[in-house]
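1. sequence plus predicted model, see below.
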Amino acid sequence: MMPISAARQLEGRTLDTGWKVLRIVEPHPAATGGNFSCGYEVEDSNGRRAFLKALDYSWAMQSADPAQALNVMTSAYIFERDLLNRCRDSGLTRIVTAITSGKVVVDAAPMGGLVEYLVFERADGDIRKQMETAADFDLGWRLACLHHIAVGLKQLHSELIAHQDVKPSNVLLFQRSSKLADLGRAASKGQAPPHEPFQIAGDPAYAPPELLYGFVSSEWNIRRLGCDVYLLGSMVAGFFTGLSATALLVQNLAAEHRPENWHATYEEVLPYIRESFSQVLAVFQDNSPTGIRDDLTQIVTELCEPEPALRGHPKNRGRSEVQFSLERYISRFDLLAKRMAYYSVRRR
């Protein structure tokens, strides 16, 4: 029987940073990732609640090379902590705030019981539950949430940071406001992250198609910002079809053209990807609200363009400094939300 890791023995403790650990928070059944940490609800001396993410080093000890695994985990923690501090200090309002960080030693635990942690502002949850409940997932809310996600990505990009793992579980709710969370797979230009060698930095279920086929651009903007642009478009698809653009794309491919069965280049499979993408757009259009169907379909068409070098607004293509700018899409989501609010009032 494996001993209980130090990271899972924090309940009831008051940390040096002043936070009291109340209870462990078990992950959502559909959660992906997060195997190297566990979460807690914590409270400060003023009664303010927050969320604590504790790094679980016990996973490293189960690997074939514990020293190397510990180095990878520690490097990833430091990289994420420093990015979060940078976002907080730069005032990025659509990125979940890391309030503080620290470490604690659990004497009775194996390995000396060292636990490093991050404390985040407390959210009401992520958007998965909202998406599952149609009554709460009204059109105005969807458009506002997409607007918030786009603003969050724009804020990161202004700091030359790419998120690379935008998915429902990484969009947190604060009443009717949304923020991006989890920079564990982010990239910062000019600074190689610990996961730099990974072909797909984030969740493969949401990844852009070129990465599934092993095509990785040598240009940072195309590889990193182009990935974020696709992920935003994929979120739009998911908001109205229930499936990510990647899931829809793969399920419309013939078996021999799917990533696991394809052994030629991405350029050679691209015509089949485009054919599948046209079917994805047809499905999306059929599931989109009548009044803004064409606008939303155009947005998905531009953001999820299968060829990464052509992603983004057509007027920005070929202009490396603004090609992946989200400014136009932020304005469009805002305009669509106002238009639907106006129609809603007129119908009353």
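-> Noted; the coordinates are in hand. Nothing here was measured: the structure is a model prediction, and the numbers come from that model.
2. so how far is Arg328 from Lys315?
-> 8 Å (C-beta to C-beta, to the nearest Å). Every C-beta, even on glycine, is put in place using the N, C-alpha and C of the backbone.
3. same deal with Ala309?
-> Using C-beta to C-beta, one gets 18 Å for the distance from Ala309 to Arg328.
4. re earlier: neighbour count for Lys315 and Arg328, which is higher?
-> Just comparing Lys315 and Arg328: by other C-beta atoms under 10 Å the higher neighbour count belongs to Arg328, 16 against 11.
5. element containing the more buried one, please.
-> If you go by DSSP states H and E, Arg328 is part of helix 327-347.
6. list the contacts of that helix.
-> If you take C-beta atoms under 8 Å, 6 or more residues apart in numbering as the criterion, helix 327-347 is touched by 139-140, 143-144, 146-147, 150-151, 154, 232, 289, 291-292, 295-296, 299, 303, 313, 316.
7. now the helices: where do they sit in the stretch 1-150 of the chain?
-> 58-61, 66-89, 127-132, 139-158 (DSSP state H, counting those that start in this stretch).
8. the second one: which residues count as buried?
-> Which is helix 66-89. Buried positions in helix 66-89, judged by neighbour count with 16 or more other C-beta atoms under 10 Å: 69-70, 72-73, 76-77, 79-81, 83-84, 86-88.
9. kindly report the same for stretch 211-221.
-> Buried-residue list, stretch 211-221, by 16+ other C-beta under 10 Å: Leu211, Leu212, Tyr213, Phe215, Asn221.
10. again, but for stretch 124-133
-> Asp126, Ile127, Gln130, Met131.
11. keeping just the C-alphas, turn it into PDB.
-> In PDB, the C-alpha atoms belonging to stretch 124-133 read as follows (Å, rounded to 0.1, in the frame of the first residue of the first chain):
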ATOM      1  CA  ASP A 124     -17.500  29.500  -8.500                       C
ATOM      2  CA  GLY A 125     -16.400  26.700 -10.800                       C
ATOM      3  CA  ASP A 126     -15.500  26.200 -14.400                       C
ATOM      4  CA  ILE A 127     -17.800  26.400 -17.400                       C
ATOM      5  CA  ARG A 128     -18.300  22.700 -17.900                       C
ATOM      6  CA  LYS A 129     -21.300  22.600 -15.500                       C
ATOM      7  CA  GLN A 130     -22.700  25.700 -17.100                       C
ATOM      8  CA  MET A 131     -22.400  24.100 -20.600                       C
ATOM      9  CA  GLU A 132     -24.200  21.000 -19.400                       C
ATOM     10  CA  THR A 133     -27.200  23.000 -18.100                       C
END
